[in-house]
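[1] With the sequence up front, the predicted model follows.
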Amino acid sequence: MFHLLTFLVEKLSLLSNLQLFEPRWSPGEQRGEPKTRLPASSFRRGDLLEVPRTLFTHFGVYLGDDRVAHLIPDILPVLTSNRELIDAAITNKRLILGCIYRRATVRVDTVEDFAYGSSITANRMDELVQRQALPNEDVAKRAEKLIGAIPYSLLWNNCEHFVTHCRYGSAASQQTEQFCDGLKSLIRDQRSIIAAVLLGVVSISWFGMVPLTTLPTILIPFTLWMAG
């Protein structure tokens with residue numbers, strides 16, 4: 001029991017400190033080190049821009065003339081066709097509801113609206129990926145072709161997939177890979193099975209032997225055992 005409690009505390013501590021959607025930087029770089037900040041006037045058409053958000057990093061492609069193309073979830077196009085409302089800067093509430101509804105658009109905003117109060121870095125991902133970046137003009141044209149509604153998935157088709165497709169020719173997301181690596185680590189830990197069983201027993205004791213409690217108590221530990 002002591003080992004199980006240690007396991008639960010360990011995982012809760014990990015989750016409380018883990019930024020699930022923060023990119024994995026190069027080995028020589030420490031999180032928290034000062035980053036080079038570029039003034040907006042130094043951005044070139046086709047540059048890959050990124051801004052830190054609370055739980056993730058948001059990406060876009062600079063198109064020139066203070067314009068940034070970026071893929072962002074948005075619920076408003078589902079609710080109205082009023083272009084004036086839709087074209088306004090997307091708020092956090094619109095973004096979260098768009099994530100839930102799985103609706104997004106590749107839209108063009110000003111650098112200020114794209115940054116949403118955060119500092120911007122440019123082309124930082126070039127140091128991390130193995131592929132050579134395409135010419136900047138080609139990057140910008142690829143982004144412009146995708147402007148409009150697009151299917152959205154937090155893990156499989158997000159803003160990072162959009163910019164890597166435009167700049168490197170193939171969609172990828174280090175944020176997704178980091179999240180999946182952490183999830184696999186949790187699943188492969190055999191103590192997860194014991195924790196799932198005990199939680200299932202507690203739910204059965206509390207709610208009784210009903211399908212809503214009994215089936216998860218059997219299926220979840222079995223799935224974890226097979227996956228491990």
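    Great, that's in hand.

[2] Look up how far residue 74 lies from the residue nearest to residue 77 when sequence neighbours are not counted.
    In space, residue 77 comes closest to residue 86 once its chain neighbours are excluded; the distance is 5.7 Å by C-beta to C-beta, 6 or more residues apart in numbering. Using the backbone N, CA and C atoms, a C-beta is placed for each residue, glycine as well. Distance from residue 86 to residue 74, counting by C-beta to C-beta, to the nearest Å: 8 Å.

[3] what residues go with each domain of this structure?
    2-15+181-227, 21-171 (automatic domain parsing).

[4] rank those domains by pLDDT, which is bottom?
    Mean pLDDT values for those show the minimum at domain 2-15+181-227, a mean of 58.

[5] which stretches of the chain form strands?
    In the chain, strands defined by DSSP state E lie at 48-52, 57-64, 67-73, 103-110, 121-122, 148-151, listed in chain order.

[6] Buried ones in stretch 158-174, by neighbour count?
    158-168, 172-174 (16 or more other C-beta atoms under 10 Å).

[7] Can you lay out those residues as TSV showing distance to residue 150?
    Putting these into TSV (distance: C-beta to C-beta, whole Å) gives the following:
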residue	distance to residue 150
158	11
159	11
160	14
161	10
162	8
163	13
164	15
165	11
166	13
167	17
168	18
172	17
173	15
174	20
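
[8] So which of these are in helices?
    159-168, 174 (DSSP state H).

[9] Reformat those as CSV; add distance to residue 80.
    Putting those into CSV (distance: C-beta to C-beta, whole Å) gives the following:
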residue, distance to residue 80
159, 23
160, 28
161, 27
162, 24
163, 28
164, 31
165, 29
166, 28
167, 33
168, 35
174, 35
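
[10] Of all pairs in these, which one is the farthest apart?
    166 and 174 (15.8 Å; C-beta to C-beta).
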